[in-house]
Structures are given as C-alpha cells and as structure tokens.
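Student: Below: sequence and its predicted model.
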Amino acid sequence: MDVMSIVLGALSLVTAFTPFIWLQVVGGCVGIAGIVLARKAKKADYRKSLTTAIGMLCSITGALLCFLAPVLSLISNALLLLMTQ
C-alpha cells in the first residue's frame, strides 16, 4: 500500500499540469486516494515510515496542486474577460 500511495501521488502531480480541468479534478481524487492508502499503510506497519511519508507528501502536494490549478485558471480567465470589456 505504501508504494501504491507513492504511485498515486506521482500520478496526481503529473495530472496537475495538464490543461484539462476535468483531468485535474480526477488527479485530485487520485491524490486523495493516495493519502488514504498512505495512512492505512502507516497504521498497518509503523516501520514503513519513510515510504509512507514520501507517499503522503506526493499525494498531498498533488491533490493541492490539482484542486488549486483549475480555480486559479478560472479566476485568471474571468479577470481577462473583465479587462477586455
């Protein structure tokens, strides 16, 4: 589970930089799944602290970027629309 959380976190990070909002939202959900898997792996075996920490860090960063990027994109597009009128 710990390695899977790293994979899901990396996948979430990759999808954060795609230009499609729907793919970024899916990437955010994948990041949340990575967070859940990292927490389960940590509870199952406390000795896996390094791999679960890496999975947790990748997943949190990916989920934040995935959910923040569409919001910033929509705000910037709305501001550009208001500035051109």
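Tutor: Looks like it came in fine.
Student: Grab the nearest non-local neighbour of Ile33.
Tutor: Just to correct that, residue 33 is Ala rather than Ile. Spatial nearest neighbour of Ala33, excluding adjacent residues (Cβ to Cβ, 6 or more residues apart in numbering): Leu8 at 5.6 Å. Backbone N, C-alpha and C define where each C-beta goes, glycine included.
Student: host element of the one you found?
Tutor: helix 2-15 (DSSP states H and E).
Student: after that helix comes which helix or strand?
Tutor: Heading C-terminal from helix 2-15 (DSSP H and E), you reach helix 21-44.
Student: what distance separates that next one from the middle of the whole chain?
Tutor: Relative to its parent chain, helix 21-44 has a centroid offset of 7 Å by Cα atoms, centre = their mean, to the nearest Å.
Student: list the contacts for Asp2?
Tutor: Contact partners of Asp2, counting by Cβ atoms under 8 Å, 6 or more residues apart in numbering, are 37-38, 41-42, 48, 51-52, 55.
Student: Now do the same for it: its pLDDT.
Tutor: Here, the pLDDT recorded for Asp2 equals 84.
Student: any idea how far it lies from Trp22?
Tutor: Counting by Cβ to Cβ, to the nearest Å, the gap from Asp2 to Trp22 is 29 Å.
Student: got the contact list for Leu13?
Tutor: With Cβ under 8 Å, 6+ apart, Leu13 has these contacts: 58, 61-62, 65.
Student: burial count for Ala53?
Tutor: 13 (other Cβ atoms under 10 Å).
Student: hmm, back to that, which single one of the contacts of Leu13 is nearest to Phe17?
Tutor: Leu65 (7.9 Å; Cβ to Cβ).
Student: So that closest one sits against Gly9, correct?
Tutor: No. Under the criterion of Cβ atoms under 8 Å, Leu65 is not in contact with Gly9, lying 10.8 Å apart.
Student: on that earlier part again, can you state the direction angle for the helix holding Leu8 and helix 21-44?
Tutor: Helix 2-15 and helix 21-44 are oriented at 160 degrees to each other (axes from the mean of the first three to the mean of the last three Cα atoms, to 10 degrees).
Student: Next, the buried residues of helix 2-15.
Tutor: 2, 5-6, 8-13, 15 (16 or more other Cβ atoms under 10 Å).
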